[in-house]
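Novice: Structure for the following, please:
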Amino acid sequence: MSGVAQNGSHSTYSGAKAERIVFPLGGLGAGMVGLSGTGALTAVSVRNAPALLNEPFVFAAVRWSGASGQGARVIEGPVPTWKLTYPWPDSTGTGRGQQGKTFGLPRFADASFAPRFPFAELSLEAPGGPLACRLVAWSPFVPGDADASSLPVAGLEYEIRNIAAERVETILSFHARNFMRVAGSKSPAGVDTADGGFSLWQSGDDARPEDEGRFTVETDAPGAVAGARWFRGGWWDPVTDLWRGLAEGRIPAAGAHEEGAPSDGGSLYVPFVLEPGETRRVRLRLSWFVAKTSLRRGGGPFDPKGRTDGTETFVPWYGGRFADAAELAAFWAQNYDRLRDASEVFAASLADQRLPPEVLEAVSANLTTLKSPTVMRQADGRLWMWEGCADNEGSFEGSCTHVFNYAQSIPHLFPSLERTLRETEFFENQDDDGHQNFRAQLPIRPNPRRARPAADGQFGGIVKVYRDWRICGDDAWLRRLWPRVVASLEYAIRTWDPAEAGWLTEPHHNTYDIEFWGPDGMAGSFYLSALRAAEAMADALGEPAERYRVLAERVRGRLENDLFNGEFFIQKVQWTDEALAGAMSTEARASIEREGPKYQYADGCLSDGVLGEWLARVSGLDTGLDPAKVATHLRSVHRYNFRRSLRDHANPQRPAYALGDESALLLCSWPNGSPPHFPFVYSDEAWTGIEYQVAAHLIMCGEVEAGLKIVRAARSRYDGRVRNPFSEFEWGHWYGRPMSSWSLLRAMTGQDYDARTRRLTLAPALPGDISALLATETGYGLAGVRDGAPFVEVRRGEIAVDAIDYTPCRAAQ
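Specialist: Down below sits the predicted model:
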C-alpha cells in the first residue's frame, strides 16, 4: 500500500510517498545526516556545507538464525526506483549500474516512516521472516537551550523484535566506508576502532587544514565488536566479503589490520539472542567534528571579534565548545539520556497540540530547517543563515533580512539566538548613516556599504526588534539597540520618503530581488509597522515619539485612501529617466519607454500586499490600519490568487514549486486587466512561505477555512512522491521563508505573550478545545482553551503569567 496516513497529529508515509523523504538529523549550525524515508543515511552534510547528493556506502543490517532457517537484510525498505538511474556524484554514470551503492543488498519488503520532530520512526517488516525492525532516529532539540540543540550528533535506535515462535540468534551490525576521505587530499585518512565503536577520519595539512574531520559511531550495547578489517582487494571484493561474512554470521576480530594499507571502512557488530516475542534495542551514537573550514563570505578588512582561533574563516560553534572529536563523543555518551528526555518533552508537546492536522504538519515539517545546513552558528554563538541549501553549497548568504522577515520559529524557540541576528543587522551590517546591508558577512564582521538596502528588510528589522524585546522583556537590550534603530529608520525615511509624504516615492529594493518604482501597499505596510514599532519603543524608553506617531498617521492615510482600490492594496508606478540608465537592449529600452520600469505589480493583487501588517500582528503590534480593508485585501488574495489547478497557468519563471494539477496560491494576479508585459520576476510562482503568511493572516481575520485551504494545498505538494515533505524549497532546499508556518499557531489560538507585562492574550479562531505551543524566553508549554476555560500548561522551564486576556471564539458564542 502506498500513501500518507494520519498518525495522531502527524502523517505516516509509505510506498511512493516515502521515496523523496530526507529528514535532517543534527544540530543548529552543526551540519546534518539525512534519514531517508526507507531508512538509508543520505545527504550527509558534515563538512560545514550542504552535500545533498552525498549518499555514501553506509548501512545497518540484521542477521538471524533459528530452527526454521537463517537470513540477513539491510535494515531499510525497498530502494526507491528513481535512485537506480540517478546521476550520483560518486557513480560512474546513469547507465553503468550504480557500483559503490548498497542498492543490491537484500532488504525488508515494506517500510513506513512516521515523523515526530525531532524524532523519526521507521517500521520494517519482512513477510515470512522471524524479525520485525523499528528504527528511531533523533537529534537533540531543546527550545531555550541553544547549546544543547547545536550539537553535531544523532542517535539511531534499532529495535529488533522476534515475531516467530522460536528462539533466534541475532546479529545487528553497522558498516560505513570512509566517507570522510577527501578526494585529492594528500594527507592520511583511515578508520580507527575502540571498544564499542569506530571512527572514520581524514587529516589535514598546512595547505588544506579544512580537510581534517572525524565521524564517530559508538554503542553502549554489551558484547559489541568494532573492527576495521575490510578485505583489501580489487573490483567489489571488499563488499562481497563483507556481505558474505555477515550473511554467514561471522564476526571479524576487533581492531584494524596490523600491516599494509588501512581498511576502506569500519564495522560494528552486536550479537544477541531473542526468545519468542522478545525485543532488543541497540543504540548507536553518531557524532562528527570538522572544526576547520575555508568558508569566508564577503569583503572588507578582517575583524577577529568573536573568533576563538584568530583565523579569517568560519569556525562552527561546536569547534569552540569542544577540543576535539573525542571530547564531543564523550559528552554525547554522558548526556545522551538527558538530552533524549528533554527532546521527548518537546516532541510530545508538539503532538499534544489541539489544532487541525494540516497546521500541525506545516509547523513541525518546517522545524527541520533548523537542523539543516541552512543554519550556521559561529564559534562565539551567533547565528548566521543561508537562504537555503543548494546541492553543494549554501544558497545566497547573509541571514537575508527580507527573507527572514517571514521566519517566526527561531524568535520563539531560541530567542537569544534570534537576537544575535538583530545585533548583526544593526551593528555590523549598518553604518553610522543608518544604511543597512541586508546580507551579513561570514565570519560576522563589519560590513562595508553595498549599493542598495532593502526597504522591506530594513523596516522589517525595526519591527523584529520590537518583537524580540517583547519576547525577552529586557529593556537594557532595547536601550543598547535604540540609537541604531533610530539611525536605521531616519535613513529609510530620507532615502525612500524624502518629502515625508507618507509613502515610498523613491525606488526601493525588496524580497523579489528588484526595485519597486512608486508607492505600494507591501512596502508601505512595512513603513507603517516600523513607525508604529518605533513609536511604541520610544514611549517605553522615554524617548521622543511624536515624530513617528505623526508620520505613521500620514502613512496609514496613504495606504487606506490612495493605495486601496476597494478590493486590495496596489502600487502606483512612478518613474523618472533614471529607469533608463545603464546598458540595455533596444527592445528593453522601448519596453520601458512604452510601459515604465520592468518588474512592477501596479494594479495587481499581490499576495504579500499587506505583509508588513502580518509581521506587525505576529509581533504583537497594532498599526491602526483599517482592519476591514486588510480583511478585504486578504479575501481578494484568496479569491484571485488561489488556483485549484495550475494546468492552464503559464509560468515562465521557476515552475517546480507548483505546476500541473497542483493547487497553489500565486504571488500575484491582475483581475482587473492585463499584467504588465514584464511583471515582477517571480509573480507567476507559488512560495509556501507566502502561502503560510497569507493563510495565517486570513485566519486572524476570521477566514479560517480559506486559510486552512491554502495550508492544505501547500502541504499536498510536499507529500513525498515528488518533493521532500521535510524540505520546502524556494531558492534552495530547507528554505528560510516557510518558517512563516509558525505564525499559524498564533493565528489559530490568538495567543500573544508579553514578557514585560507578563500578560497572555488568547483569542481562538475555532470553538471547543484548542491549544498550541507557547514558547517564551524562560520556558515553553501549551496554551489554549480546555473545557471552555483558558489555560497554560508549562512543559519546560517557567512562564510567568499574571493575567490572561481571553476572548472566546465568536462561533462559540
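Novice: Where does pLDDT dip in this structure?
Specialist: 1-10, 300-311, 811-813 (pLDDT under 70).
Novice: In it, which helix is the longest?
Specialist: The longest helix of the chain (DSSP state H) is helix 325-352.
Novice: what comes up buried for that one?
Specialist: 325, 328-329, 331-333, 336, 339-340, 342-343, 345-347, 349-350 (16 or more other Cβ atoms under 10 Å). Any C-beta I mention is one placed from the backbone N, CA and C, and that applies to glycine too.
Novice: For residue 423, give me phi and psi.
Specialist: phi -60, psi -40 (degrees, to the nearest 10).
Novice: Which residues lie in contact with it in this structure?
Specialist: 382, 481 (Cβ atoms under 8 Å, 6 or more residues apart in numbering).
Novice: any idea how far it lies from residue 416?
Specialist: Look at residue 423 and residue 416: by Cβ to Cβ, to the nearest Å, they are 11 Å apart.
Novice: again, but for residue 454
Specialist: 25 Å.
Novice: The two: which has the busier surroundings?
Specialist: Using other Cβ atoms under 10 Å as the criterion, residue 454 and residue 416 rank with residue 454 on top: 25 against 15.
Novice: Enumerate every residue touching that one.
Specialist: Per Cβ under 8 Å, 6+ apart, neighbours of residue 454: 401-402, 438, 508-511.
Novice: Ok, residue 382 next?
Specialist: Contacts of residue 382 by Cβ under 8 Å, 6+ apart are 306, 417, 420, 423-424, 444.
Novice: Which one (most neighbours) among the residues you listed?
Specialist: residue 444 (28 neighbours).
Novice: That one: which element?
Specialist: In this structure, residue 444 sits in neither a helix nor a strand according to DSSP states H and E.
Novice: oh, and call the first residue 224 from now on, that's how I've got it
Specialist: Sure, I'll start numbering at 224, so the last one becomes residue 667.
Novice: Show me which pair in the contacts of residue 605 is furthest apart.
Specialist: By the measure Cβ to Cβ, 529 and 640 form the most distant pair in the contacts of residue 605, at 14.0 Å.
Novice: Checking my notes, residue 257 in a helix, right?
Specialist: No. When classified by DSSP: H, G, I helix; E, B strand; the rest coil, residue 257 is found to be strand rather than part of a helix.
Novice: pretty sure it contacts residue 269?
Specialist: No. Between residue 257 and residue 269 there is no contact under Cβ atoms under 8 Å: 10.8 Å.
Novice: Of these two, which one has the most company?
Specialist: The residue with more neighbours, out of residue 257 and residue 269, is residue 257; 28 against 24, by other Cβ under 10 Å.
Novice: Which residues are in contact with residue 571?
Specialist: Applying Cβ under 8 Å, 6+ apart, the residues contacting residue 571 are residue 1018.
Novice: at 10 Å instead, please
Specialist: 339, 1018 (Cβ atoms under 10 Å, 6 or more residues apart in numbering).
Novice: Skipping adjacent residues, who's closest to residue 399 in space?
Specialist: residue 281 (4.4 Å; Cβ to Cβ, 6 or more residues apart in numbering).
Novice: Surely the one you found and residue 266 touch.
Specialist: No. In this structure, residue 281 is not within contact of residue 266 by Cβ atoms under 10 Å, at 11.9 Å.
Novice: quick one: which of the two has more around it?
Specialist: Legend: neighbour count by other Cβ under 10 Å for residue 281 and residue 266, higher for residue 266 (26 against 20).
Novice: distance of that one from residue 351?
Specialist: 33 Å.
Novice: Also residue 638?
Specialist: For residue 638 relative to residue 351 (Cβ to Cβ), the value is 53 Å.
Novice: Pick out whichever of the two has more residues nearby.
Specialist: In this view residue 638 and residue 351 are compared by other Cβ under 10 Å, and residue 638 has more residues nearby, 22 against 9.
Novice: Confirm for me that that one is in contact with residue 631.
Specialist: No. Using Cβ under 10 Å, residue 638 is not in contact with residue 631; the gap is 11.6 Å.
Novice: Look up the residues that both of these two are in contact with.
Specialist: Joint contacts of residue 638 and residue 631 (Cβ under 10 Å, 6+ apart) are residue 690.
Novice: Go ahead and name everything in contact with stretch 313-328.
Specialist: 263, 276-282, 284, 295-297, 299, 301-303, 306-311, 398, 400, 402, 406, 458-459, 462, 465-466, 469-470.
Novice: in that stretch, what counts as buried?
Specialist: Buried-residue list, stretch 313-328, by 16+ other Cβ under 10 Å: 314, 321, 324-326, 328.
Novice: Quote the end-to-end distance of that stretch.
Specialist: 18 Å (Cα to Cα, to the nearest Å).
Novice: hmm, back to that, can you give me the distance of the residue nearest to residue 399 to residue 552?
Specialist: 18 Å.
Novice: What ranges does the stretch 524-673 of the chain have for its helices?
Specialist: Along the stretch 524-673 of the chain, counting by DSSP state H, counting those that start in this stretch, helices occupy 540-544, 548-575, 580-590, 624-627, 633-636, 638-646.
Novice: could I get those helices as a markdown table with distance to residue 429?
Specialist: Formatted as a markdown table, these follow (distance: least, Cβ to Cβ, whole Å):
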| stretch | distance to residue 429 |
| --- | --- |
| helix 540-544 | 18 |
| helix 548-575 | 20 |
| helix 580-590 | 40 |
| helix 624-627 | 37 |
| helix 633-636 | 38 |
| helix 638-646 | 32 |
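Novice: in the strand or helix carrying residue 493, what counts as buried?
Specialist: Using DSSP H and E, residue 493 maps to strand 488-497. Along strand 488-497, these residues count as buried under the neighbour rule (16+ other Cβ under 10 Å): 488-495, 497.
Novice: Throw these into a markdown table and include distance to residue 849, thanks.
Specialist: Shown next, in a markdown table, are the buried residues of strand 488-497 (distance: Cβ to Cβ, whole Å):
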| residue | distance to residue 849 |
| --- | --- |
| 488 | 66 |
| 489 | 66 |
| 490 | 68 |
| 491 | 65 |
| 492 | 70 |
| 493 | 66 |
| 494 | 72 |
| 495 | 69 |
| 497 | 68 |
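Novice: and which of these is nearest residue 613?
Specialist: The closest of the buried residues of strand 488-497, once distances to residue 613 are taken by Cβ to Cβ, is residue 488, at 28.6 Å.
Novice: hang on, the earlier thing: what is in contact with residue 281 and residue 266 at once?
Specialist: residue 256.
Novice: hey, C-alpha coordinates of stretch 348-359 in CSV?
Specialist: Presented in CSV, the C-alpha positions along stretch 348-359 are these (Å, rounded to 0.1, in the frame of the first residue of the first chain):
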residue,chain,number,x,y,z
GLU,A,348,8.5,-5.9,8.1
ALA,A,349,9.6,-8.9,6.1
PRO,A,350,6.7,-11.3,5.3
GLY,A,351,7.6,-14.8,6.3
GLY,A,352,10.7,-13.7,8.3
PRO,A,353,11.1,-14.1,12.1
LEU,A,354,12.0,-10.4,12.8
ALA,A,355,10.4,-7.1,12.7
CYS,A,356,12.6,-4.0,13.0
ARG,A,357,12.0,-0.4,14.1
LEU,A,358,14.4,2.5,13.9
VAL,A,359,14.0,5.6,16.0
